[in-house]
Structure formats: structure tokens, C-alpha cells
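S.K.: any chance you could fold what I've pasted below:
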Amino acid sequence: MRSTWKMIFFGFIVWLFPFFVSLLIFPLKETNLAFFETIIPLTITLITVVMTTGFFRKIRKGHLRHIQKRYLQIGIILGIIWVFICFFFDLLLFSFGPIKMTFSVYMSDIGFSYLIIPIITIGFGNMLERKTY
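M.R.: Take a look at the predicted model:
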């Protein structure tokens with residue numbers, strides 16, 4: 001159960017960091033949309049790599065011993081949970097919150113960028129399980 005809460009907490013950070021970055025650079029959306037839309041996926045990639053590394057480091061150091069040696073499975077689970085967390089919080093903001101956006105517009109503008117997350121987590125899990133690093 002402890003590992004589930006860590007997954008959720010780390011996933012929240014994966015959503016929160018790009019959200020804050022997007023708030024900070026939001027004026028770029030009006031002046032340089034291409035640059036804005038380049039920075040956000042890079043931010044998602046950066047925080048996902050950092051948080052995936054941190055999560056797997058906790059497993060390897062024995063803090064989450066009960067899930068050790070199932071790295072690929074954990075990578076798949078992490079990716080799925082983190083994508084759903086990102087979708088959940090974004091959809092609260094973009095569907096019901098201050099920024100109204102249809103689901104199709106959301107997916108084409110933001111949603112598909114989150115597919116970076118499971119690509120990274122599954123890649124890390126596969127690498128650790130096969131010990132090809």
C-alpha cells in the first residue's frame with residue numbers, strides 16, 4: 001500500500017511541475033506558440049525521467065522491497081497511473097475549471113503529450129529488468 005501512495009504522489013508531481021512551468025511561460029503562448037509547445041513536452045519528459053529515476057531508486061535501495069524485481073510491471077503501472085493522474089487534473093481544469101476546452105481539443109493540444117510518460121516508465125522498467133544498463 002505504501003508503494004501505491006508513492007506512485008500517486010510522484011504522479012501528482014509529474015502533473016504539477018509542467019503545470020507550474022506552463023503558468024510561468026503562459027505569455028509565450030500568445031507571442032511564440034511554437035516555443036511554448038516545445039517547452040511543455042520537454043518539461044514533461046524532464047520531470048518524468050526525474051521521478052521515474054527516484055521511484056526506481058527507492059525500489060533498488062530496498063525501501064519498497066515487496067515490489068523489487070518486477071521492474072517492467074512497475075514501469076507499466078507507473079505509466080498508466082501517472083497518465084491518468086495528469087488527465088484527471090487537467091480535465092478538471094480544462095473541462096470544468098476556468099479554461100473551457102472540449103475533450104477533442106484538449107487531446108489534440110495537450111493530452112497526447114502525456115504519452116511520453118508511459119514510454120519513459122516502461123523503458124526504465126524494461127532496462128532495469130533486463131539489466132541492460
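S.K.: and the contacts of stretch 36-54?
M.R.: 10-11, 13-14, 17-18, 21-22, 25-26, 28-29, 75, 78, 82, 110, 113-114, 116-117, 120-121, 124 (CB atoms under 8 Å, 6 or more residues apart in numbering). Any C-beta I mention is one placed from the backbone N, CA and C, and that applies to glycine too.
S.K.: okay, residue 98 and residue 92: tell me how far apart.
M.R.: 10 Å (CB to CB, to the nearest Å).
S.K.: quick one: which of the two has more around it?
M.R.: Higher neighbour count among residue 98 and residue 92: residue 92, with 10 against 6, using other CB atoms under 10 Å.
S.K.: where exactly do the helices run in this structure?
M.R.: Using DSSP state H, the helices of the chain run over 2-24, 27-31, 33-60, 71-91, 103-109, 116-130.
S.K.: look up the closest residue to residue 90, ignoring the ones flanking it.
M.R.: residue 110 (6.3 Å; CB to CB, 6 or more residues apart in numbering).
S.K.: got phi/psi on that neighbour?
M.R.: Residue 110 adopts backbone torsions of phi -130, psi -50, taken as degrees, to the nearest 10.
S.K.: just checking, it touches residue 91?
M.R.: No - here residue 110 does not reach residue 91: they are 9.9 Å apart, not a contact under CB atoms under 8 Å.
S.K.: look at the two and report which has more neighbours.
M.R.: residue 110 (21 against 16).
S.K.: stretch 78-91: which residues count as buried?
M.R.: Using 16 or more other CB atoms under 10 Å as the test for burial, stretch 78-91 gives 78-83, 85-87, 89-91.
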